[in-house]
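[1] what shape does this take:
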Amino acid sequence: MSTAVNIFLVGPMGAGKTTVGKRLAETRGMEFIDSDNEIELRTGVDIPLIFEKEGEEGFRKREKQVIAELAQRSHVVLATGGGAVLDSENRQWLAARGMVVYLYASVDQQLQRTARTDHRPLLQNVPDRRQTLQALFDVRDPLYREIADLVIHTDGRNARVLAREIEDHIDRPATAL
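    Purely as a prediction, here's the structure:
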């Protein structure tokens, strides 16, 4: 069984954080929480509406409060929003309170996985989705890597395989130095 108290999944939109997180939590007997879903439950509205009414800044304040609280729980798999790492305190909380897994997805994979959704506020009404995703990637990738205990490449791979790879890493016995 896992020695990790919590598993925090970070990465861009379309990386599979929610899908992989649900499978991982189920197989490990842990609670699964999606920070974006939690924000929607608490506010009673969807994230695009929060962005519309409060802007990205208002959303990030809500996200920070939710992550601060959820990161203090034990025995959870938490899928964070793609931009959660933009806040330095979020990064500190996640790094200090669990194992951080960066689900890496290329911009091409993100484009493919987000092509049929209108639930991504940062991709609404943009002239070039690829350019937007690339700009987000350029800023966020170093932040994901800064706190990651493990980086998993997700391109072309399904949630079952990804969850198993994470589990194998967690369950691998530590080698003596």
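
[2] rest of the way, CA atoms for contacts and neighbours
    Fine.

[3] once you drop chain neighbours, what's closest to residue 133?
    residue 107 (6.2 Å; Cα to Cα, 6 or more residues apart in numbering).

[4] the worst-scoring helix or strand of the chain on mean pLDDT packs against which elements?
    The weakest-scoring helix or strand in the chain, judged by mean pLDDT, DSSP states H and E, is helix 107-114 (a mean of 83). The helices and strands touching helix 107-114, judged by 3 or more Cα pairs under 8 Å, 6 or more residues apart in numbering; DSSP states H and E, are helix 129-147.

[5] show me what counts as buried in the helix it packs on.
    129, 133-134, 136-137, 140-141, 143-145, 147 (16 or more other Cα atoms under 10 Å).

[6] would you list those residues in TSV and tack on distance to residue 30?
    Formatted as TSV, the buried residues of helix 129-147 follow (distance: Cα to Cα, whole Å):
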residue	distance to residue 30
129	35
133	31
134	33
136	31
137	30
140	27
141	27
143	26
144	23
145	24
147	22
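
[7] give the buried residues for the least confident helix or strand of the chain.
    107, 109-111, 114.

[8] what are the pairing partners of the longest strand seen in the chain, and which direction each?
    In the chain, taking DSSP state E as the definition, the longest strand is strand 99-104. According to DSSP bridges, strand 99-104 forms sheet pairs with strand 7-10 (parallel), strand 150-153 (parallel).

[9] tilt between that strand and helix 129-147?
    150 degrees (axes from the mean of the first three to the mean of the last three Cα atoms, to 10 degrees).

[10] what is the helix or strand hosting residue 67 packed up against?
    Using DSSP states H and E, residue 67 sits within helix 47-70. Other helices and strands packing on helix 47-70, by 3+ Cα pairs under 8 Å, 6+ apart, are helix 35-43, helix 88-97.

[11] out of those helices, nearest to residue 160?
    The closest of the helices and strands packed on helix 47-70 to residue 160 is helix 35-43. By Cα to Cα, the value is 21.3 Å.

[12] need the residues that contact the closest one.
    If you take Cα atoms under 8 Å, 6 or more residues apart in numbering as the criterion, helix 35-43 is touched by 46-47, 62-63, 66-67, 78-81.
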